[in-house]
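[1] Need coordinates for the following:
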Amino acid sequence: MEVKIEEQEEENGRKWRRKKKSLTSASLCPINNLDDGCLMHIFSFLSPIPDRYNTALVCHRWCYLACHPRLWLRVDRSVKDLSEPGVFPNIETAVTAARPGDTILIAAGGIHHASNIQIKKPLCLIGGGELPDETTLICSRGSDSALEFLSTCKLANLTVKAELGCCLLHRKGRLTIDGCILQCGAKAVSTSGDLELQRVRVIYARTSLLFWFDVEHQ
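    So this is what the prediction gives:
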C-alpha cells in the first residue's frame, strides 16, 4: 500500500513538473502563442533585410512564416522543385508573377542574368547576401539595360553589371537605390523620373580605364 502511494506521488510530481515547464516556456515566449496569421502579419511590418531575414533563423515555424510567399517571392537558380510556391528560377518570371507592393529576394551566389526586364508595378528587389557583391545581375551585350523601371520601385543590396548599355533605365515613378554597386561601360542610371541614391557605388569601366565614386545620399 505504501509503495502504491509513493508511486502515485511520484507520478503527480512528474505531471506537475511537466506542466510547470510548459507554463514557464509559454510565459517566456508569449509571441509563440499567436496563430500563424497573426505572426505573419507582424512579420510583414519588418524590413525584409535584415530583420525579416533574421526571423527565419529563430526556429522551423518562424522560418516557414518568414519565407512565406505572402511576404516575399524568391529567385533561386539552385531550386529544382519549381512547384514550391513563391520560388522562381529567374528574375523575369518572379517579376511577372509578383503583385504590386511585393518584395522579391534574389538569392546570393552565382550570377543572375537580367536583360531589358520591364517592371511596371511597385516592387522591391533585394539581394539575399550580406554584401551587395554577393548577388550579381549581369546585363548581356546588345541590351539597353538590365532592368527598366516604369513604376515606383526600390533596389537594394545588389550589384548590377552592364558592359555596354545602362545598368538601369528609369522611366517613371520614384526609384530608390540603396546599398548597391553599379558597374557600367556607359551610364549607371538613365533616369527621367524621381531618383534617390543611398550608399551607392558606381564603377565605370571601359577598356583599360577603371574608376569609381561613391554616393552616400542624394
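[2] For the rest of this, base every contact and every neighbour count on C-alpha atoms.
    Will do.
[3] tell me which element Leu65 falls in.
    If you go by DSSP states H and E, Leu65 is part of helix 60-66.
[4] List the neighbours of that helix that are in contact with it.
    36, 39-40, 43, 52-53, 55-57 (CA atoms under 8 Å, 6 or more residues apart in numbering).
[5] buried stuff in that helix?
    Neighbour counts over helix 60-66 (16 or more other CA atoms under 10 Å) mark 62-63, 65-66 as buried.
[6] Any stretches of the chain with poor pLDDT?
    In the predicted model, the chain carries pLDDT under 70 at residues 1-29, 49, 69, 82, 206-218.
[7] Where do the helices of it begin and end?
    2-28, 36-43, 53-55, 60-66, 91-97 (DSSP state H).
[8] Show me what counts as buried in the last one.
    It refers to helix 91-97. Buried, per 16+ other CA under 10 Å, within helix 91-97: 91-92, 94-95.
[9] repeat for the third one
    Applying a neighbour-count criterion of 16+ other CA under 10 Å, the buried positions in helix 53-55 are 53, 55.
[10] from the chain's centre, how far out does it sit?
    From the chain centre to the centre of helix 53-55 is a distance of 10 Å (CA atoms, centre = their mean, to the nearest Å).
[11] Which strands or helices does it pack on?
    Under the contact definition 3 or more CA pairs under 8 Å, 6 or more residues apart in numbering; DSSP states H and E, helix 53-55 sits against helix 60-66.
[12] Can I get the helix it packs on in CSV? Just the C-alpha atoms.
    What follows is helix 60-66, C-alpha atoms only, in CSV (Å, rounded to 0.1, in the frame of the first residue of the first chain):
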residue,chain,number,x,y,z
HIS,A,60,11.3,26.0,-38.1
ARG,A,61,8.0,27.6,-37.6
TRP,A,62,9.3,31.2,-37.9
CYS,A,63,11.4,30.1,-41.0
TYR,A,64,8.2,28.8,-42.7
LEU,A,65,6.3,32.0,-41.9
ALA,A,66,9.1,34.5,-42.6
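[13] And that helix, how far out from the chain middle?
    The answer for helix 60-66 is 15 Å, by CA atoms, centre = their mean.
[14] same deal with stretch 192-206?
    Worked out by CA atoms, centre = their mean, stretch 192-206 lies 21 Å from the chain centre.
[15] likewise stretch 62-79?
    On CA atoms, centre = their mean, the centre of stretch 62-79 falls 8 Å from the chain's centre.
[16] mind checking the longest strand of this structure?
    Identified as the longest strand of the chain according to DSSP state E is strand 194-206.
[17] buried set for that strand?
    Within strand 194-206, the residues scored as buried using 16+ other CA under 10 Å are 195, 197-205.
[18] now, the most widely separated pair of those?
    Greatest spatial distance among the buried residues of strand 194-206 (CA to CA): Leu195 and Ala205, at 22.7 Å.
[19] Buried by neighbour count, from the contacts of helix 60-66: which ones?
    When the contacts of helix 60-66 are checked for burial by 16+ other CA under 10 Å, the buried set is 39-40, 43, 52-53, 55-56.
[20] That concludes my questions; thank you for your assistance.
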